[in-house]
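Peer 1: Build me a model from this:
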Amino acid sequence: MKKWLIVSALALMLAPSTANADWLFTPNIGAGFGGSAEGREHLTWGASIGWMGAGVLGWEADFAYSPEFFEGDDDNVDLIDDSNVTSFMGNVILGVPIGGTQGVGVRPYFVGGLGFIQQRVQDAGDLFNVSNDEFGMNVGGGVMGFATDHVGFRGDVRYIRSFEDLEETFDAGSFDYWRGTAGITFRW
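Peer 2: Numbering: from 1, shown residues only. A predicted model of the protein is given here:
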């Protein structure tokens, strides 16, 4: 009997610990560039909240807001009074935890999903206001690095593109751009 207790205690100590899943919240800041933003690289900010399993699969909800998206940097005559692009995407994350899911570690990842893109443009004379709401997609990748159990850094680059009328076709639309962001990630 004593022999079985020792073997059982040893087996419990050597068994792998239970895998932890992580909730992640990342406020971020960056810039939009390329595609429809070419020559008008402006600030973008947002946040994402997500969940990563102890393995490689997770999900996130990503929100981004880009003010002055359609406004040039050096216009002497500004024909656009206000413009912005807002995106909200639901994504799948594929990321391998290097160093474990607790404490110090790094997690490179790929991300992709579907959502909504809203474009707004208002001219200086209030002659036209354009509001366009479209379905869209995003794909990209990045890396999360954790210095402690609960705080780390995250940087990624994503390609964002609208879809044409989904009732008739599932083709890519003409609106697209790249977005690069960095932020502090909180893990619990």
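
Peer 1: quick one, strands of the chain?
Peer 2: 22-33, 43-52, 57-67, 80-95, 105-123, 129-146, 151-163, 172-187 (DSSP state E).

Peer 1: Only the buried residues of stretch 111-127, if you could.
Peer 2: Val111, Gly112, Gly113, Gly115, Ile117, Gln119, Arg120, Val121, Gln122 (16 or more other C-beta atoms under 10 Å). Every residue, glycine included, has its C-beta placed from N, CA and C.

Peer 1: returning to that earlier point: with mean pLDDT as added columns, please give the strands of the chain in TSV.
Peer 2: TSV is the format used below for the strands of the chain (pLDDT from 0 to 100):
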stretch	mean pLDDT
strand 22-33	96
strand 43-52	97
strand 57-67	97
strand 80-95	92
strand 105-123	94
strand 129-146	94
strand 151-163	96
strand 172-187	94
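
Peer 1: okay, now Glu38: neighbour count?
Peer 2: 11 (other C-beta atoms under 10 Å).

Peer 1: Next, name the residue at the spatial heart of this protein.
Peer 2: Asp62 (4.9 Å; C-alpha atoms, centre = their mean).

Peer 1: who does the residue nearest to it when sequence neighbours are not counted bridge with?
Peer 2: Distances taken as C-beta to C-beta, 6 or more residues apart in numbering put Ser48 closest to Asp62, at 4.2 Å, once the chain neighbours are dropped. Here Ser48 sits in beta bridges with Thr26, Asp62, going by DSSP bridges.

Peer 1: show me what contacts Ser48?
Peer 2: Neighbour list for Ser48: Leu24, Phe25, Thr26, Asn28, Glu60, Ala61, Asp62, Phe63 [criterion: C-beta atoms under 8 Å, 6 or more residues apart in numbering].

Peer 1: ok, Ile98 to Val157 distance?
Peer 2: Distance from Ile98 to Val157, counting by C-beta to C-beta, to the nearest Å: 20 Å.

Peer 1: cool, Arg120 as well?
Peer 2: Distance from Arg120 to Val157, by C-beta to C-beta: 24 Å.

Peer 1: hang on, the earlier thing: which of the contacts of Ser48 count as buried?
Peer 2: Leu24, Thr26, Asn28, Glu60, Asp62.

Peer 1: now the closest residue in space to the first one that isn't next to it in sequence: how far from Trp59?
Peer 2: If I follow you right, that is Leu24. Closest residue in space to Leu24, ignoring its immediate chain neighbours: Gly50 at 4.9 Å, by C-beta to C-beta, 6+ apart. Distance, Gly50 to Trp59, by C-beta to C-beta: 6 Å.

Peer 1: Compare these two (neighbour count), which wins?
Peer 2: Of the pair Gly50 and Trp59, Gly50 is the one with more neighbours under other C-beta under 10 Å, namely 20 against 15.
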